[in-house]
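Asks: Sequence first, then the predicted structure, then my questions.
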Amino acid sequence: MRCAHTVEQVRAAESQLMARLPEGALMQRAATGLGHAVAELLGGVYGRRVLLLVGSGDNGGDALLAGAMLARRGARVEAWQLGERWHDDGAAALRAAGGRCVTAVSATATPAPAAGGYDVVVDGVTGIGGRPGLRDAARAALDVALAAGTAGGRPLVVAVDTPSGVDVETGELPEGADHVRADLTVTFGTHKPVHLVEPGASACGAVHLVDLGLDLPPAPLEALQPGDVSALLPRPSLEAHKYTRGVVGVRAGSTTYPGAALLSVAGAASGLVGMVRYVGSDAVARTVREQHPEVVGEGRVQSWVVGSGSGDDAAQHLRQAGSDGVPVVVDADALAHLEILGAAEQRPPLVLTPHAGELARLLDVEREQVEERQLHHAREAAARFGATVLLKGPHTLAAAPDGRVRVTTTGTPWLATAGAGDVLGGVVGALLAAGLEPLDAASVGSWLHGAAATLAAAGGPIVAGDVARALPAVVRGLPLA
Ligand SMILES: NC(=O)C1=CN([C@@H]2O[C@H](COP(=O)(O)OP(=O)(O)OC[C@H]3O[C@@H](n4cnc5c(N)ncnc54)[C@H](O)[C@@H]3O)[C@@H](O)[C@H]2O)[C@@H](O)CC1
Ligand SMILES: [K+]
């Protein structure tokens, strides 16, 4: 599991560990990891040109100590002091190693870059102690530094802990203000939300975690890894029969949108449960069975998938599904009718699967607000509706009512195609029927769906049905649990 902790949790764990270590040992651990990561990125150290942008806190201290390590190994290292003060021991170490320190850098007094430019700019302006946005001195220094590439092109950018200027706790970008965009972010101890949550995650580039040996509490934000998915995936036991594996019911599609029925069923019928039932008009049910002969009609189920392409029938389907008391995936047209299910405490467990526009309507905000503050709005909706919310997008979030969130890191931009959401709803419904808790079903379903899309796409275009067809191969390729 990739875990992201809050700044408060990180600080508590760091102070516990610091109390047991000699002074400065923890920062030295961080700086050593940072120095190695920069060396690896550059493919060597000797003769490389390194510029450190150094703020007033310990983030800058990390940069200075890593710079000293690189200077000792033959890099030409320069540090620009962007705050009124900086980490004195770090600056002394850099000087002792032969590095150059430029103090009192301001927006109006930005130094001329070294002749020949820089291979790498290390952003040590702010880390977990920073407020969102870049101050003028940092912005001006960054502009000058990024323009000072070598003959090989613009310098690479390595962010220390977090790209300065982004909101560490939420992954939000400061409105109207600037932030660093890194090629590589080297973080310490654990991930922070910005490393996993968009739009900030994209500003991190690749993320490298340096272990500090922190003793951390459970994380409020996680990203499943292949081994986690494998461990959570329901697998048939030796004694299994079709009913013990779970039965999922699909109430989706209509004569106007028969494709939604076919794709929801395709997701549900990708082999993760013992049986799939379809409930809808006779004409659509016939089409479904022509393409999926294994699908049967109405009867007992362990979960429902409701709403995609249901049109005017969505409310009625949701009421009927909700009256069974089994978990329900509420998608598309059904999202507008949640009140039909009564008060939160009377409802069966729900997984809502909105995209940003649908979630905006549910919360009565603008779509842009949801896109800019995805973590906030996913959590807000999960708490307000007492449901697991799968906010679909380039980096889908699964939020539980208790505040836990999982980020989906699989997927490909080719997945932005009509009907892909219908397949996802079917997969999540199947996992609910197979016995997973709503947060597990939503996050595992989304992970498998993204991985199936990547596998099917293989770098090229796909349609939604390809995702469902690739799903068994993704399951086969999971590491052994
Ligand atoms: N606490 C620890 O034990 C460890 C901390 N480490 C490093 O220390 C960092 C945290 O250090 P700090 O708590 O000193 O905080 P930071 O260095 O992240 O930033 C705080 C400083 O930046 C200034 N600042 C805040 N917002 C700013 C902005 N928008 N623009 C410019 N300056 C701004 C503040 O006035 C303050 O001086 C971590 O991110 C990590 O890099 C590591 O060395 C590992 C150990
Ligand atoms: K930084």
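Replies: Arrived safely. Ligands and ions are numbered 1, 2, ... in the order given.
Asks: Quick check: buried residues in the lengthiest helix in the chain?
Replies: Identified as the longest helix of the chain according to DSSP state H is helix 438-457. Residues of helix 438-457 classed as buried by neighbour count (16 or more other C-beta atoms under 10 Å): 438-457. C-beta: built from backbone N, CA, C; applies to glycine.
Asks: what phi and what psi does the backbone show at Gly311?
Replies: phi 60, psi -130 (degrees, to the nearest 10).
Asks: And the pLDDT for it?
Replies: As predicted, Gly311 sits at a pLDDT of 90.
Asks: In terms of residue numbering, what are the domains of this structure?
Replies: The chain breaks down into these domains under automatic domain parsing: 2-222, 226-476.
Asks: State the distance spanning the first to the last residue of stretch 173-182.
Replies: 14 Å (C-alpha to C-alpha, to the nearest Å).
Asks: what pLDDT, on average, does it get?
Replies: 92.
Asks: So for that stretch, what gets flagged as buried?
Replies: 173, 178-182.
Asks: who's in contact with that stretch?
Replies: 123, 125, 132-134, 139, 142, 157-159, 163-167, 199-200, 203-205, 372 (C-beta atoms under 8 Å, 6 or more residues apart in numbering).
Asks: Name the nearest residue to the closest residue to ligand 2 within the stretch 301-450 of the chain, ignoring sequence neighbours.
Replies: Relative to ligand 2, the nearest point of the stretch 301-450 of the chain is Leu375 (20.2 Å; C-beta to the ion). Using C-beta to C-beta, 6 or more residues apart in numbering and skipping the chain neighbours, the partner closest in space to Leu375 is Val197 (4.9 Å).
Asks: just to revisit the earlier point, do I have it right that the residue of the stretch 301-450 of the chain closest to ligand 2 meets Gly403?
Replies: No: if you go by C-beta atoms under 8 Å, Leu375 and Gly403 don't touch, sitting 10.5 Å apart.
Asks: Neighbour count: the two, which is higher?
Replies: A side-by-side neighbour count of Leu375 and Gly403, using other C-beta atoms under 10 Å, places Leu375 first with 25 against 11.
Asks: pLDDT at the more buried one, what is it?
Replies: 96.
Asks: For my notes, confirm it occurs in a strand.
Replies: No: Leu375 is assigned helix when assessed by DSSP: H, G, I helix; E, B strand; the rest coil, not a strand.
Asks: Run through the helices of the stretch 201-350 of the chain in chain order.
Replies: Secondary structure of the stretch 201-350 of the chain by DSSP state H, counting those that start in this stretch: the helices cover 226-232, 258-268, 282-291, 314-322.
Asks: among those helices, which is nearest Ala418?
Replies: helix 258-268 (8.2 Å; C-beta to C-beta).
Asks: and the closest one, what other elements does it pack with?
Replies: Where contact means 3 or more C-beta pairs under 8 Å, 6 or more residues apart in numbering; DSSP states H and E, helix 258-268 is packed against strand 247-251, strand 275-278, helix 282-291, helix 420-433, helix 464-476.
Asks: could you dump the fourth one to CSV, C-alpha only?
Replies: Put plainly, it is helix 420-433. What follows is helix 420-433 as a C-alpha-only set of coordinates in CSV (Å, rounded to 0.1, in the frame of the first residue of the first chain):
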residue,chain,number,x,y,z
ALA,A,420,-16.1,3.2,-19.7
GLY,A,421,-18.0,4.4,-16.5
ASP,A,422,-20.8,1.8,-17.2
VAL,A,423,-18.1,-1.0,-17.2
LEU,A,424,-16.7,0.4,-14.0
GLY,A,425,-20.1,0.4,-12.3
GLY,A,426,-20.5,-3.3,-13.3
VAL,A,427,-17.1,-4.3,-11.9
VAL,A,428,-17.7,-2.5,-8.6
GLY,A,429,-21.1,-4.2,-8.3
ALA,A,430,-19.6,-7.6,-8.9
LEU,A,431,-17.0,-7.0,-6.2
LEU,A,432,-19.7,-5.9,-3.8
ALA,A,433,-21.7,-9.1,-4.6
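Asks: quick one: contacts for the residue nearest to Glu169 when sequence neighbours are not counted?
Replies: Spatial nearest neighbour of Glu169, chain neighbours left out: Pro193 (5.6 Å); criterion: C-beta to C-beta, 6+ apart. When contacts are counted by C-beta under 8 Å, 6+ apart, Pro193 touches 4, 6, 168-171, 200, 221, 375.
Asks: switch to 6 Å and redo it
Replies: 4, 169, 171, 221 (C-beta atoms under 6 Å, 6 or more residues apart in numbering).
Asks: now those residues in a markdown table, with distance to Phe385 and secondary structure?
Replies: Shown next, in a markdown table, are the contacts of Pro193 (distance: C-beta to C-beta, whole Å; DSSP: H, G, I helix; E, B strand; the rest coil):
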| residue | distance to Phe385 | secondary structure |
| --- | --- | --- |
| Ala4 | 24 | strand |
| Glu169 | 23 | coil |
| Gly171 | 22 | coil |
| Leu221 | 20 | strand |
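Asks: So which of those residues is the closest to Ala321?
Replies: The closest of the contacts of Pro193, once distances to Ala321 are taken by C-beta to C-beta, is Leu221, at 30.5 Å.
Asks: so that closest one makes contact with Ala4?
Replies: Yes: using C-beta atoms under 6 Å, Leu221 is in contact with Ala4, at 4.1 Å.
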